[in-house]
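Asks: structure, please.
(one chain, ligands or ions: 2)
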Amino acid sequence: MRIVDARVIVTCPGRNFVTLKIITDEGVTGVGDATLNGRELAVEAYLREHVVPLLIGRDPARIEDTWQYLYQGAYWRRGPVTMSAVAAVDTALWDIKGKVAGLPVYQLLGGRSREGVTVYGHANGETVDEVLAEVARFVDLGYRAVRVQSGVPGLAKTYGVSADKMFYEPADAALPTETVWSTARYLAHTPGVFARVREEFGPTLRLLHDVHHRLTPIEAARLGRSLEPYALTWLEDPVPAEFQEGFRLIRQHTTTPIATGEVFNSVWDATTLIREQLIDYVRTTVVRAGGITHLRRIFDYAALHHVRSGSHGATDLSPVCLAAALHLDLAIPNFGLQEYMRHTEETDAVFPHGYHFADGYLHPAETPGLGVDIDEEAAARYPYSPAYLPVNRLEDGTLHPW
Ligand code: CS2
Ligand code: MG
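Replies: Ligands and ions are numbered 1, 2, ... in the order given. Below is the predicted model of the structure:
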């Protein structure tokens, strides 16, 4: 079997997605997600100009060799653009391999290690009462784990709090909007929110919170400690993670479990974090970390160090990425949790898929391959529309992580 064509499809059914579709001479096709929120066209061009020409004529069965060819062969390694492109190729090749074998991809990865993939949803509100109502809604829907984000008194807009509760979309404008941040207001307010949630929902519901890289290590240590009575499953992205050693300080001061990694592109972004057991969950996912092949490598390395997976699953990762993540989640021994932000009906229609939610779990499709596709005709009805993530400033105007 040979690869005869590969199409890069950009579509915006409510938000932008970049998808690679690989076509073989025997008519078997595979899909891979290449979406990089706010920088979509960079990956589209990288694939179209620099990757697709290298795929033509290759044997689609040689997944590892193709991965090494694109990673080592470029000479310029890593980075979000390169690794999203490599991920798309890798994912599509796993899809093809599954179809050729007549097996769902999780079977190729070693088979089922659990009955379903536990997911968490996003409860958020401007006020604590609104937060409580949203947590109740997710519990009613069957979720076993809920991420809790609250508005902060004195701040006009806070990360994770949105008007549309089911379909949160932060890339909200053709040029970046600006929000204002105060660490003091946030740290003063947040423990009280979790006190109320625990009071209302009892001790066993799994609760999570995303700091979105906004604190320093010592501030994160203080937050982690103040949240200890509320037994979070994880505190996410407490600090920007380029400086991995920074997490040592957090670890020395709190037993609140730490999760990070949604912006990581390779195992090399997390070696200190994992080797020194500075985190409990590594949150990178298929499209961000070079596909199933490399993500499996990260999770295996994590497994040796008591670190579990917690793959990113925001709406800016397409149903193709989610489907691929579910196969890996089902197979690995050290699965932790999978984020699940639902896609809109328009998006679901462009990406027909067989995974489904039941009882707090996601279940991948049992059909051969990944069990997801792109409807190219439907995709063509939604042209690319520029959209950026916001930027964030302190009250005095200093640029701060968003
Ligand atoms: C987030 C994301 O889901 C998460 O945990 O941190 O919403 C993130 O802000 C977006 O994926 C950015 O595109
Ligand atoms: Mg996050």
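
Asks: going by C-alpha atoms from here, please, whenever you check contacts or count neighbours.
Replies: Fine.

Asks: pLDDT score for the residue nearest to Asp210 when sequence neighbours are not counted?
Replies: Counting by Cα to Cα, 6 or more residues apart in numbering, the nearest residue to Asp210 once its immediate chain neighbours are dropped is Glu236, at 4.5 Å. At Glu236, the model reports a pLDDT of 98.

Asks: now do the domain split for the protein, please.
Replies: With domains defined by automatic domain parsing, the chain comprises 3-104, 108-366.

Asks: just the strands in the stretch 101-250 of the chain please.
Replies: Defined through DSSP state E, counting those that start in this stretch, the strands belonging to the stretch 101-250 of the chain, from first to last, are 117-125, 145-150, 178-181, 206-210, 234-236.

Asks: tell me the buried residues in the second one?
Replies: Same thing as strand 145-150. Judged by neighbour count (16 or more other Cα atoms under 10 Å), strand 145-150 contains these buried residues: Ala145, Val146, Arg147, Val148, Gln149, Ser150.

Asks: which phi and psi does Val8 have?
Replies: The phi and psi torsions at Val8 (degrees, to the nearest 10) take the values phi -110, psi 120.

Asks: likewise for Gly336?
Replies: phi -110, psi -70.

Asks: residues near it, how many?
Replies: Counted with other Cα atoms under 10 Å, the burial measure for Gly336 works out to 20 neighbours.

Asks: my read is that it contacts Ser309, right?
Replies: Yes - assessed by Cα atoms under 8 Å, Gly336 is found in contact with Ser309 at 4.8 Å.

Asks: coming back round to it: gap between the residue nearest to Asp210 and Pro386?
Replies: With distances defined as Cα to Cα, to the nearest Å, the gap from Glu236 to Pro386 amounts to 28 Å.

Asks: comparing those two, which residue is more hemmed in?
Replies: Legend: neighbour count by other Cα under 10 Å for Glu236 and Pro386, higher for Glu236 (23 against 17).

Asks: so how far is Glu376 from that one?
Replies: Between Glu236 and Glu376 the distance, using Cα to Cα, works out to 36 Å.

Asks: which parts of the stretch 201-350 of the chain are helices?
Replies: Counting by DSSP state H, counting those that start in this stretch, the stretch 201-350 of the chain has helices at residues 217-227, 247-253, 271-275, 291-303, 319-331, 345-350.

Asks: give me the residue from the stretch 251-400 of the chain nearest ligand 1.
Replies: Ala314 (4.3 Å; Cα to the nearest ligand atom).

Asks: which residues sit in contact with the nearest residue to that residue once chain neighbours are set aside?
Replies: Among residues not flanking Ala314 along the chain, Met341 sits closest, at 5.2 Å (Cα to Cα, 6+ apart). Applying Cα atoms under 8 Å, 6 or more residues apart in numbering to Met341 gives the contacts Gly121, His122, Met166, Phe167, Tyr168, Gly313, Ala314, Thr315.
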